[in-house]
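>>> return atomic coordinates for the entry below.
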Amino acid sequence: MSSDKQRQTPPGDLAFFAKSQLLTSEEVERALKRMAHEIVERNHGSPQLSVIGLQVGGVAFGVRIAQLLSEILGTEVSLGFLDVSFYRDDLHRNPIPKSTATTIDHDLTDRTVVLVDDVLFTGRTIRAALNALSDWGRPHSVQLAVMVDRGHRELPIRPDYVGKNLPTSLDEAIRATIEGVWIGTKESS
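Numbering: from 1, shown residues only. Next up is the predicted model:
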């Protein structure tokens, strides 16, 4: 985090103000390694794994988990990135979503897809991701890996792999990156 404890955000967006750091970069890396080993164990070393990082928060975590899985398995693990902006059910609140690129260069049919995101909160982003995945094939199964599960689910969605469970109040916000995890607040900029 910058010295003023505020992440730079475009005008009109919510700015994150950190109160305290909950996990260091070393603790995040340790959690990612544990999650990668759990993925290998659960999937019996299957070569049919696809890691899909959700734009934007899940991208760095997806990249790192794919790297760790490749090291553990001794073979390259397929990696992609998924933008769910136009699959969300809250477009009436945000009529023009900020869209990023979806990059999936392989068919997901009959593969085990591990969706990766930074923070699991209400579950609505994951619901949108499940809808978006259908455009890329019909996976054998879909699993969910998140760095932080903060609770407050609005949908019956539960992660398969969790870096850290951090119960929070609705007034708090979590910022999870490869460099660490912070708790704070979001305010209009």
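
>>> going forward, measure contacts and count neighbours with C-alpha atoms only.
Noted.

>>> chain neighbours aside, what residue packs nearest to the residue nearest the centre of the chain?
The structure's the chain has its C-alpha centroid closest to Asp117; by CA atoms, centre = their mean the separation is 0.5 Å. Spatial nearest neighbour of Asp117, excluding adjacent residues (CA to CA, 6 or more residues apart in numbering): Gly58 at 3.7 Å.

>>> got a list of what the one you found touches?
Taking CA atoms under 8 Å, 6 or more residues apart in numbering, we find Gly58 in contact with 116-118.

>>> what do you get for Ile72?
37, 40.

>>> what about 10 Å?
Residues near Ile72 by CA atoms under 10 Å, 6 or more residues apart in numbering: 33, 36-37, 40, 45, 66.

>>> could you do Ala101 as well?
Per CA under 10 Å, 6+ apart, neighbours of Ala101: 55-56, 81-84.

>>> what about the longest strand in the chain?
Using DSSP state E to assign secondary structure, the strand with the most residues in the chain is strand 14-24.

>>> which parts of that one are buried?
15-18, 22-23 (16 or more other CA atoms under 10 Å).

>>> returning to that earlier point: my guess is the residue nearest to the centre of the chain meets Thr125, correct?
Yes: at 9.2 Å, Asp117 counts as touching Thr125 under the criterion of CA atoms under 10 Å.

>>> contacts for stretch 23-39, please.
22, 41-46, 49, 61-62, 64-73, 114, 143-148, 160-164, 176-183.

>>> which of these fall within helices?
41-42, 61-62, 64-73 (DSSP state H).

>>> what residue ranges in the protein score low on pLDDT?
1-13, 91-99, 188-189 (pLDDT under 70).

>>> just the strands in it please.
Under DSSP E, the chain gives strands at 14-24, 49-54, 78-82, 112-120, 141-149, 161-165, 173-177, 180-188.

>>> which among the ones you listed is found nearest to Leu155?
strand 112-120 (11.2 Å; CA to CA).
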